[in-house]
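Novice: turn this into a model:
(one chain, ligands or ions: 1)
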Amino acid sequence: MTKKSKLIIFTGPSGVGKGSILEKFFNIANKNQDKVVYSVSSTTRKPREGEIDGKHYFFISKEEFENKIKENTFLEWAIYNDNYYGTSKDFINKCLNEDTSVILEIELQGALNVMHQYPDALSIFIMPPSFEELEHRLRGRNSEDNETILKRLNTAKTELENSGKFKYKIVNNGLDEAVNELYQIFIKETK
Ligand code: 5GP
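Specialist: Numbering: from 1, shown residues only. Here you go, the predicted structure:
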């Protein structure tokens, strides 16, 4: 990792808007020809409507995931809401060797693990304006049952309690503002 390429850990509770922020961030970064890519994780979770295999995640079976753990494929992996999620070690190494920054959109345990392995990684936590707003957004997504939503809210509490361990915090008060803040951090840390 050089000043020019960074491993970027991007964490925040489910429903906070990480996906929308990153989508817009990459629109800007691609337009400006910045050397930064998204790390596509593997997961055993079923695809949500509109999610594409290989773009949003590599959707694999539990058995395949457990084999990959044994083969030491992952830089980090975690269980979140009864599903496995993991980051490919080879992909991350390839990016950093090519002086390309890479963004890992991962949950708290994985984030802490990566921070430990890469003390120079850039860690960013996305905060909701309030806990109530987070609940409202999660319920509005309409893609999960009540039990799953309650589990996600419970996990969110723990994640928020650990947000102080991240170098930067961005409050998602409005999409464009949050994207702009993220882009400014990226420029400051990589240029
Ligand atoms: P979702 O099911 O909403 O797509 O993701 C659930 C959580 O898993 C989110 O907090 C997301 O950031 C996290 N996540 C996605 N990929 C990975 C990964 O490779 N490793 C870890 N530790 N968490 C991940």
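Novice: enumerate the residues of this structure near the ligand.
Specialist: Contacts of the chain with the ligand, taken as C-beta under 6 Å from any ligand atom, map to 14, 41, 45, 76, 78, 80, 85-87, 105-107, 109-110. For every residue, glycine as well, the C-beta is placed using N, CA and C.
Novice: strands of the protein, start to end?
Specialist: With DSSP state E as the definition, the chain shows strands at residue ranges 7-11, 36-38, 41-43, 57-59, 74-80, 83-88, 101-105, 122-127, 168-171.
Novice: most neighbours per residue, which of those?
Specialist: The highest average neighbour count among these, using mean count of other C-beta atoms under 10 Å, belongs to strand 7-11 at a mean of 24.
Novice: CA atoms only for that one, dumped as CSV, please.
Specialist: Written as CSV, here are the backbone C-alpha positions of strand 7-11 (Å, rounded to 0.1, in the frame of the first residue of the first chain):
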residue,chain,number,x,y,z
LEU,A,7,-7.3,-0.4,1.4
ILE,A,8,-10.5,1.4,2.3
ILE,A,9,-12.8,-0.2,4.9
PHE,A,10,-16.4,1.0,4.5
THR,A,11,-18.7,0.0,7.4
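Novice: show me what that strand is packed up against.
Specialist: helix 18-31, strand 101-105, helix 108-117, strand 122-127 (3 or more C-beta pairs under 8 Å, 6 or more residues apart in numbering; DSSP states H and E).
Novice: give me the residue from the chain nearest the ligand.
Specialist: For the chain and the ligand, the shortest gap (C-beta to the nearest ligand atom) falls at Gly110, measuring 2.3 Å.
Novice: and the pLDDT at the nearest residue to Arg152 once chain neighbours are set aside?
Specialist: Beyond its immediate neighbours in the sequence, the residue positioned closest to Arg152 (C-beta to C-beta, 6 or more residues apart in numbering) is Ser14, lying 4.4 Å away. Residue-level confidence at Ser14 comes out at 87, pLDDT.
Novice: contacts only, for Ser14.
Specialist: Residues touching Ser14, when contacts are defined by C-beta atoms under 8 Å, 6 or more residues apart in numbering, comprise 138, 152, 155-156.
Novice: adding neighbour count, write those residues out as a markdown table.
Specialist: A markdown table is the format used below for the contacts of Ser14 (neighbours: other C-beta atoms under 10 Å):
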| residue | neighbour count |
| --- | --- |
| Leu138 | 22 |
| Arg152 | 20 |
| Thr155 | 17 |
| Ala156 | 21 |
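Novice: and the two most separated of the residues you listed?
Specialist: Pairwise distances across these peak at 11.0 Å for Leu138 and Thr155 (criterion: C-beta to C-beta).
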